[in-house]
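S.K.: Predicted model follows, preceded by the sequence.
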Amino acid sequence: MNSDRITGAARQFGGRLRNVAGQATNDVGLRAEGVIEEALGRGQNLVGQARDGARHLADDALDAGHDYYDRSVRALAQQTRAHPLAVVVAAGLTGAALAWLFSSSRRR
């Protein structure tokens, strides 16, 4: 829970109290202030809920990313254990390709 939700709930409650006080005293101005304050509080509370939802969504995405990374590392390690020669050849070819790319760009 963040400060927007707490502040919004407090504003909403305060607006409700003003509205009730305005109804009890037949003060239209106080009732209007109460309705406005209650609406602003409700809006601020909704902003807080949206922020909390976005934070939870980001946390879930981060957890999923960590999970996918861990699974891919395990799969790569398994393939490396199963085919060590293929990994050495692939690494050598990748190094040769990078060396060729960097050396050809210097000649120009």
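M.R.: That came through fine.
S.K.: chain center to the longest helix along the chain: distance?
M.R.: In the chain, with assignment by DSSP state H, the single longest helix is helix 28-82. Mean-position distance between helix 28-82 and its chain equals 5 Å (C-alpha atoms, centre = their mean, to the nearest Å).
S.K.: average pLDDT across that helix?
M.R.: Per-residue pLDDT over helix 28-82 has a mean of 94.
S.K.: what helices or strands is that helix leaning on?
M.R.: When contacts are defined as 3 or more C-beta pairs under 8 Å, 6 or more residues apart in numbering; DSSP states H and E, helix 28-82 packs onto helix 3-25. To be clear about C-beta, it is placed using only N, CA and C from the backbone, and glycine gets the same treatment.
S.K.: how distant is the helix it packs on from the center of its chain?
M.R.: For helix 3-25 - counting by C-alpha atoms, centre = their mean - the centre lies 30 Å from the chain centre.
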